[in-house]
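sequence first, then the predicted structure, then my questions.
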Amino acid sequence: MENIKVVTKGVCGTVSRDAIEALAPEGNAALETLLSGSGAGNDFLGWVRLPLEITDEHLNDINETAARLRECCDTVVAIGIGGSYLGAKAVIEALSGSFSAYEPTKTRVLFAGQNIGEDYLAELQAYLKDKQFGIIVISKSGTTTEPAIAFRILKEQLEAQVGHDEAVRRIVAVTDEKRGALRTLATAEGYKTYIIPDNVGGRFSVLTPVGLLPIAVAGFDIKALVAGAAKLAKETLEGRNAASMEYALTRNALYRAGKKIEILVNYSPKLHFFSEWWKQLYGESEGKDNKGIFPASVDNTTDLHSMGQWIQEGERIIFETVISVEKVAHELRIPADADNLDGLNYIAGKRVDEVNKMAELGTRIAHIDGGVPNMQVIIPSINPETLGELIYFFEAAVGLSGYLLGVNPFNQPGVEAYKRNMFALLEKPGYEKETEAIRAKL
Ligand code: PA5
């Protein structure tokens, strides 16, 4: 398999090659900190070696559970939020057919607990009414409100539809080994469980059962996914992961040159949720201590017709990282037309992907000319192995990048603020003081 390539020529109008290379000593120090486990957040470095430590036995066990769920269920609802949701969603969307949601399929994976939308849950309930469904409930802390609400509602529905004992067979919990309400509930009910290792944070957990089980249920090759990540993990541990280093150095050089927003750009609709996963990984890892590049994303060429104007001519505080996919899965050519009333005969015979690639190149050049530095992350194609490598590429880079930025990339203290207010407003026992304080503000 070919490696991911990072091309940074398009940033040179803003930061020179010398400026990027000047950061190399800091990058090497960040790598040393990461690999020696001597930096902030070092109790959450399990992801670094994770792909190399996953055994075949573990993957077989996940595949067996997935096969059992596929056997009895036409629909499996994966309940989780943040890191307990986005990795599985990203990989499943990237590997699924664009219209698979409208096609008959063996087992469909749906998601819940990633919002508190009453309509979403009510409509999901209605959809599941005549389905043979199962549940994978995922929460590392085991106490997160959004998935807890969804699980309470869907568990009750499942028990009503198939009875308590069959519901127990169809529910799998992925959570902490010992702590949290979900662990207590799973033990009390006797659910099959998988453990999220203590030293792997939520947003780094896609290669644990958090991501692997839903991905396997959706019918995708988790062994290839892990193999792709393992390849880059090995290179990282041997100090040979030049791609993640290049990306981390370049984005920090750009940040220091005043580029505060990074837009991750794709030209394949299948990568929409990969960008959502990336946004969480980078936003939660770097946005702290009043620092950090703001991670944004666009899906092109769709968003060239909405955000394109801003990117071309808005405030010059942005840079772009384009995920370029070298080879698409299908071959489709634009037909010739005798009348040529639409004027498209100049591209007749060309592949749709060639037009897409010219749109990509034309946009990159236009944005560079317009003062938007551009990087490219090139992957050979979208498949389980390259996605595994891409996941690890971005994980390794955010570890390096966070240390270059001078933050702890592995905590997320800021996500607690809204929870405190929500609990106070909902009058959760134990939050009486906060309830009083927040009422005074209203
Ligand atoms: O990356 C993180 O740690 C968070 O985004 C969590 O994944 C998210 O808050 C969900 O937490 P939990 O898995 O504990 O329910």
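That came through fine.

quick one: mean pLDDT over stretch 227-236.
Stretch 227-236 carries an average pLDDT of 98.

same thing with stretch 51-59?
98.

what does stretch 308-325 give?
The average pLDDT within stretch 308-325 is 98.

let me see the residues that make contact with stretch 9-22.
Contacts with stretch 9-22, where a contact means CB atoms under 8 Å, 6 or more residues apart in numbering, come from 8, 246, 249-250, 253-254, 257, 259, 319, 364, 368, 371, 373-376. No exception for glycine: its C-beta is placed from N, CA and C like everyone else's.

mind running it again at 7 Å?
8, 249-250, 253-254, 257, 259, 319, 364, 368, 373-375 (CB atoms under 7 Å, 6 or more residues apart in numbering).

now do the same end-to-end measure for it.
16 Å (CA to CA, to the nearest Å).

between which two of the contacts of stretch 9-22 is the distance greatest?
With CB to CB as the measure, no two of the contacts of stretch 9-22 lie farther apart than Leu249 and Arg364, at 20.1 Å.

could you flag which of the contacts of stretch 9-22 are buried?
Thr8, Leu249, Thr250, Ala253, Leu254, Lys259, Phe319, Arg364, Ile368, Pro373, Asn374, Met375 (16 or more other CB atoms under 10 Å).

leaving out sequence neighbours, find the closest residue to the fourth one.
So that's Ala253. Computed as CB to CB, 6 or more residues apart in numbering, the closest residue to Ala253 that is not its neighbour in sequence is Val15, at 4.3 Å.

per-residue confidence at the one you found?
96.

low-scoring stretches of the protein, by residue?
Where the chain drops to pLDDT under 70, the residues are 1-2.

how close does the residue nearest in space to the middle of it get to the ligand?
When CA atoms, centre = their mean is applied to the chain, the residue found nearest the centroid is Trp277 (2.0 Å). Applying CB to the nearest ligand atom, to the nearest Å, the value for Trp277 to the ligand is 11 Å.

now Gly201
Taking CB to the nearest ligand atom, one finds Gly201 at 5 Å from the ligand.

contacting residues for that residue?
Phe44, Gly83, Phe410.

tell me the one of those nearest the ligand?
Gly83 (2.8 Å; CB to the nearest ligand atom).

the nearest residue to the closest one once chain neighbours are set aside: neighbour count?
In space, and not counting its chain neighbours, Gly83 is closest to Gly202: 2.7 Å by CB to CB, 6+ apart. By other CB atoms under 10 Å, the residues close to Gly202 number 28.

okay, and whatever residue of the stretch 251-400 of the chain ends up closest to the ligand sits in which element?
Residue of the stretch 251-400 of the chain nearest the ligand, by CB to the nearest ligand atom: Glu284 (5.3 Å). In the assignment (DSSP states H and E), Glu284 maps to helix 272-286.

what packs against the helix or strand following that helix?
Downstream of helix 272-286, the first helix or strand assigned by DSSP H and E is strand 294-299. In terms of contacts (3 or more CB pairs under 7 Å, 6 or more residues apart in numbering; DSSP states H and E), strand 294-299 is packed against strand 261-266, helix 272-286.

could you check the angle the biggest helix by length in the chain makes with helix 272-286?
In the chain, taking DSSP state H as the definition, the longest helix is helix 384-405. On the basis of axes from the mean of the first three to the mean of the last three CA atoms, to 10 degrees, helix 384-405 is oriented at 20 degrees to helix 272-286.

off-centre distance for the next helix or strand after helix 384-405?
Past helix 384-405, further along toward the C-terminus, the next helix or strand under DSSP H and E is helix 416-425. Here helix 416-425 is found 25 Å from its chain centre; the criterion is CA atoms, centre = their mean, to the nearest Å.

in the stretch 301-442 of the chain, what residue comes closest to the ligand?
For the stretch 301-442 of the chain, CB to the nearest ligand atom, closest residue to the ligand: Gln412, 5.4 Å.

tally of neighbours for the closest residue to that residue other than its chain neighbours?
Distances taken as CB to CB, 6+ apart place Glu284 nearest to Gln412, at 4.6 Å, with adjacent residues excluded. Neighbours of Glu284 under the rule other CB under 10 Å: 23.
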